[in-house]
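Q: The sequence and its predicted three-dimensional model are supplied below.
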Amino acid sequence: MESLRVDFMDDLRRLRVLREFRERETVTATAKALHLTPSAVSQQLAGLGRDVGFPVIERRGRRVALTSRGRRLLDHADRVFAHIERARHDLGSFDESLHGTVTIGASATAMIGIVPEVLERAIELPGVTIRVQESDPPDVFDQLDAGRVEIAIAVNFTGSPGAGDPRYWCVDLGEDILDVALPVGHRLAGHTEVSLAQLAEESWITGSADGCCAVLTLTACAAAGFNPQVRHRIDDWHALTLHVAQGHGVALIPRLAQRDLPDGLVVRPVANGAPRRHLTAAVRQGAQDSPLIAEVLELVKEASATALAG
């Protein structure tokens, strides 16, 4: 086998395209994620193959897949990208003072239940500026990859990276339990806990059909022996709780979203095993070694522990 050129890994842009292809598995999905045309992605991957001296993708039937050497190349590239990330943060904090700006991307419930506490705790770090923006998977991870956010707080659901994804260093934030929300005059409002089977004939309110809480609601109700009659779909948690309080239906609400609930609404635990979702904070692999990122991640962990304990 011929030796590879000394500069075989110089073009990191093409390696990033190959990395994205590994996660998306098709040229079309890769192009969409990178805001490129499929033709441009194909050209980048073909050019990378010429640079390194071997094909990095191959056709398998009607699909295109990584070659075994392309996959091995990415094993090395993952370590290169992590080292570059470490170097970026190391050089950015060379004077050893804790200062800088960290942007957090988080889902709507994390914006309600976690982020306000993070911002409150960050007051004690005068050299640190925290910015936040609402975003769900997979978009929040696209923003993390592109450097538009430094920390992603997300539910483990469709669009989230799989366990052991080499692009990220992840922190387990715990489980967000879903409780039953009822209007205060409901026949079950006085119970200390509510069985979902008792709500089989009720009208239900959920978010978008493909959203995490809607899917959890359908799954939990199915396990209780019925298909919920979903009458309203509302993604804004404040609006959803107002509709419950006004008697338009019942709902399952994650505890992170249970701040400042409206009058006329009660929340009760689910009997016999409450549905729950798992939360993770992720940074680009290598960024966890930054004192600044590590400090803000610690604030996120503390705020999450406080919110989820309630």
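A: Yes, it's here.
Q: who touches residue 257 in this structure?
A: 108-109, 112-113, 237, 241 (C-beta atoms under 8 Å, 6 or more residues apart in numbering). (C-beta placed from N, C-alpha, C; glycine too.)
Q: Oh, that last question was meant for residue 143, not what I typed.
A: If you count contacts by C-beta under 8 Å, 6+ apart, residue 143 has them with 105, 133, 135, 149, 152.
Q: one more time with 6 Å, if that's ok
A: By C-beta atoms under 6 Å, 6 or more residues apart in numbering, the residues touching residue 143 are 105, 149.
Q: And the furthest pair within the contacts of residue 257?
A: The largest distance within these, taken as C-beta to C-beta, falls between 113 and 241 and amounts to 13.5 Å.
Q: Compare the two (neighbour count), which wins?
A: Of the pair residue 113 and residue 241, residue 113 is the one with more neighbours under other C-beta atoms under 10 Å, namely 26 against 23.
Q: quick one: contacts for the more buried one?
A: Residue 113 is in contact with 256, 307, counting by C-beta under 6 Å, 6+ apart.
Q: what's the distance between it and residue 153?
A: Taking C-beta to C-beta, to the nearest Å as the measure, residue 113 falls 10 Å from residue 153.
Q: Just list the residues touching the residue lying closest to residue 267 once chain neighbours are set aside, thanks.
A: Excluding its sequence neighbours, the residue lying closest to residue 267 (C-beta to C-beta, 6 or more residues apart in numbering) is residue 179, at 4.8 Å. Residue 179 sits next to 253, 267, 269 when contact means C-beta under 6 Å, 6+ apart.
Q: again, only this time at 10 Å
A: Neighbouring residues of residue 179 by C-beta atoms under 10 Å, 6 or more residues apart in numbering: 193-194, 251-255, 257-258, 266-270, 274-275.
Q: now the strands for the stretch 201-310 of the chain?
A: Along the stretch 201-310 of the chain, counting by DSSP state E, counting those that start in this stretch, strands occupy 203-206, 229-233, 251-254, 265-268, 276-284.
Q: tell me the angle the longest strand seen in the chain makes with strand 276-284.
A: Scanning the chain for the longest strand, with DSSP state E as the assignment, gives strand 168-183. Put simply, strand 168-183 runs at 150 degrees to strand 276-284, going by axes from the mean of the first three to the mean of the last three C-alpha atoms, to 10 degrees.
Q: and strand 168-183, what's its mean pLDDT?
A: What strand 168-183 shows for mean pLDDT is 94.
Q: Now do residue 84: how many residues are near it, please.
A: Residue 84: 13 neighbours (other C-beta under 10 Å).
Q: before we move on, the earlier item: please enumerate the shared neighbours of residue 113 and residue 153.
A: 106-107, 279, 303-304.
Q: can you give me the helices in the chain?
A: Secondary structure of the chain (DSSP state H): helices at 12-24, 27-34, 38-52, 68-92, 108-113, 115-121, 139-146, 212-223, 237-245, 291-309.
Q: Quick check: which of those helices is nearest to residue 157?
A: That would be helix 212-223 among these, by C-beta to C-beta, at 4.4 Å.
Q: buried sites along the longest strand of the chain?
A: Neighbour counts over strand 168-183 (16 or more other C-beta atoms under 10 Å) mark 168-171, 173, 176-183 as buried.
Q: Next, give me the two most distant ones among the residues you listed.
A: Most distant of the buried residues of strand 168-183, by C-beta to C-beta, are 169 and 183, 43.7 Å apart.
Q: who are the neighbours in contact with the nearest residue to residue 59 once chain neighbours are set aside?
A: The shortest distance from residue 59 to any non-neighbouring residue, by C-beta to C-beta, 6+ apart, is to residue 65 (8.0 Å). The contact partners of residue 65, taken as C-beta under 10 Å, 6+ apart, are 21-22, 25-26, 57-59, 71.
Q: do residue 276 as well
A: Going by C-beta under 10 Å, 6+ apart, residue 276 touches 174-178, 216, 220, 254-255, 270, 308.
Q: Put together CSV for the shared contacts of residue 113 and residue 153, with neighbour count on each row.
A: Output for the shared contacts of residue 113 and residue 153, formatted as CSV (neighbours: other C-beta atoms under 10 Å):
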residue, neighbour count
106, 26
107, 26
279, 27
303, 23
304, 25
